[in-house]
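# Give the three-dimensional model of this entry:
(one chain, ligands or ions: 1)
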Amino acid sequence: MKNSALSALGRRTAPPPISWLIKTALARPKLISLAAGFTDNATLPTEISRTLLNEMLRSPKTGQPALQYGTTAGENNLRQLTATHLQKLDGGHDRALSPDRVIITGGSQQLLYMTIEALCDEGDIVLVEDPTYFVFLGILQSRGIQARGVKLERDGIDLAHLEKVLERLKKSGELRHVKALYLVTYFQNPTGATSSLAKKSAALKLLKKFERDAGHPLYLLEDAAYRELSFGGDAAPPTALTLPGAKERVIYAGTYSKPFATGVRVGFGILPEPLYTAVLRIKGNHDFGTANLLQHLLARALATGLYDRHVAKVQKNYARKARVMRQAMAKHFPANVEIWKSGGGLYLWARLPKGISAGVKSKVFQTALKSNVLYVPGELCYADDLSRAKPDNELRISFGSASEENIRKGIARLGKVLRKFVR
Ligand SMILES: Cc1ncc(COP(=O)(O)O)c(C=O)c1O
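This is a model prediction of the structure:
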């Protein structure tokens, strides 16, 4: 056959790196994967879920509504509880968040996808942190949207660089294609960095400043996927939702997936109009509502306080595992490998001295694979942005799913590999 029947999107969509990483891990049973962003099986809430599902399904009165289709925006009780939960996380911020602005989604991933569908046409531009969440880069690539990197510092994006990028886009006449700035603001994937509120505020102001030249609103898309996975140190800063003007310009992507259960996979979004309505309509076409049973389960977990108790346990577990990983790195990694500080999340970010590649084709990565240890090459987390060379000397190393024993063993193996190449 001469022509493919695939759509432009079907033809364009590149294989997601995540599929390849999972396949590689499964093909080597002895491999210790420090690559996946999976949560820890040991803390998944089997008992809580069993108790709550039993309660719910004990009577037709509570069981039947949960086993029926729900509404596109999500279960009302969960939307209300979500609004209250967010307010609590923001330290009881006085501006009440209306549940009418909440949409419940199939993980925050679905919210990210639909937001981009509602905002961007092929050829449009989204500004992203350099580096950023590689699955988000996949969404942009698939839809023919350009990603432009903004340098990332330990406390969020480099504001001077953001301004420079916006100025450059204005000069080249491309500003009208820019739609949003995407920030992973808490314990970022991949670096573990957390954005300060001051930086989020300054970024929002900068976007506002360039709106006149863009000819349309420029949104701040705040992805807070790891927000609740704090190690319990300094309090995580409030969201950009608490800033003046946020109601019109901030999109918030949240999730119950990482703190509660990745298999339950319920996320949510807070969106300004007219985006909220557009995303709701798109969701009507995607699936006209997230699995209702799972929403009822989460609503019960939140309402009974079992959710909060569970999250406290999860936080302690990751804090301990991160400590184990850091100690192992201190023991086994060459001293000139830089490890970023992080107060939560699932990852540590390691930077090798300049000139030593840890990329997919590098000797470091290939030798690590042969030694049965897998990490995510940092280069996968950088946008295809021709205005700068992609750094390839970094590694995203996860302590999420591996046991403490495997963290120690995996880091010892990786350390041995690094000592061969890093002097
Ligand atoms: C930064 C970030 N955002 C969003 C997600 C999506 O998570 P979920 O769809 O489970 O809410 C992930 C998952 O790894 C992530 O790392």
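# count of neighbours near L86?
Residue neighbour count, defined by other CB atoms under 10 Å, stands at 22 for L86. For the C-beta atoms, the positions are set from N, CA and C on the backbone; glycine is no exception.
# show me the contacts for it.
L86 makes contact with L97, T239, L241, Y252, G254, I270 under the criterion CB atoms under 8 Å, 6 or more residues apart in numbering.
# from the residues you listed, which single one is nearest Y133?
Using CB to CB, G254 is the member of these that lies nearest Y133, at 14.4 Å.
# can I assume the closest one sits in a strand?
Yes - secondary structure assignment (DSSP: H, G, I helix; E, B strand; the rest coil) places G254 inside a strand.
# That one: neighbour count?
26.
# what's the answer for K23, then?
Applying the criterion other CB under 10 Å, we find 10 residues in the vicinity of K23.
# thinking again about what came up before, which member of the contacts of L86 is positioned nearest P16?
Checking these against P16 by CB to CB gives G254 as the nearest, at 22.6 Å.
# wait, the closest one sits on A224?
Yes - at 5.2 Å, G254 counts as touching A224 under the criterion of CB atoms under 8 Å.
# list the residues that contact both of these two?
Overlap between the contact sets of G254 and A224, as judged by CB under 8 Å, 6+ apart, is nil.
# what sits against whichever residue of the chain sits closest to the ligand?
When distances are taken as CB to the nearest ligand atom, the chain approaches the ligand most closely through G107, which lies 2.4 Å from it. By CB under 8 Å, 6+ apart, the contact set of G107 is T255, S257, R265, V266, G267.
# Equivalent analysis for P131, please.
If a contact means CB under 8 Å, 6+ apart, then P131 has G149, L152, P190, T191, G378, C381, Y382, P391, E394 as its contacts.
# Run a quick check on the third one versus L348, I expect a contact.
Okay, so that is P190. No - distance between P190 and L348: 9.3 Å, which falls outside the contact criterion (CB under 8 Å).
# Which one's more surrounded, those two?
Residue environment comparison for P190 versus L348 gives the larger neighbour count to P190, 29 against 24, counting by other CB under 10 Å.
# ranges for the strands of the stretch 301-423 of the chain?
Per DSSP state E, counting those that start in this stretch, the stretch 301-423 of the chain has strands spanning 338-339, 347-351, 373-374, 376-377, 394-398. These are given in chain order.
# Roughly how far does E117 sit from E404?
As defined by CB to CB, to the nearest Å, E117 lies at a distance of 41 Å from E404.
# Hmm, I typed the wrong one, I wanted L89.
Separation of L89 from E404 (CB to CB) stands at 29 Å.
# cool, L86 as well?
L86 sits 33 Å away from E404 when distances are taken as CB to CB.
# Quick one: name whatever helix or strand follows the least confident helix or strand in the chain by mean pLDDT.
Across the helices and strands of the chain, mean pLDDT, DSSP states H and E gives its lowest value to helix 17-27, namely a mean of 79. Under the assignment DSSP states H and E, the closest C-terminal helix or strand after helix 17-27 is strand 32-33.
# Give me the below-cutoff pLDDT ranges for the protein.
Across the chain, residues meeting the criterion (pLDDT under 70) sit at 94.
# Now do the buried residues in the lengthiest helix in it.
Counting residues, the longest helix found in the chain (DSSP state H) is helix 306-332. In terms of neighbour count (16 or more other CB atoms under 10 Å), helix 306-332 has its buried residues at 306-307, 310-311, 314-315, 317-319, 321-322, 324-326, 328-329, 332.
# ditto for stretch 277-294
Neighbour counts over stretch 277-294 (16+ other CB under 10 Å) mark A278, V279, L280, I282, K283, H286, G289, T290, A291, N292, L293, L294 as buried.
# So which bits of the stretch 51-200 of the chain are right by the ligand?
Taking CB under 6 Å from any ligand atom as the test, the list of the stretch 51-200 of the chain residues beside the ligand reads G107, S108, Q109, Y133, V184, N189.
# now the residues you listed in CSV, with secondary structure?
CSV is the format used below for those (three-state DSSP):
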residue, secondary structure
G107, helix
S108, helix
Q109, helix
Y133, coil
V184, strand
N189, coil
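# Ramachandran coordinates for the residue nearest the centre of the chain?
Taking CA atoms, centre = their mean as the criterion, A225 is the residue nearest the geometric centre of the chain, at 4.8 Å. As for A225, its main-chain torsions (degrees, to the nearest 10) stand at phi -50, psi -40.
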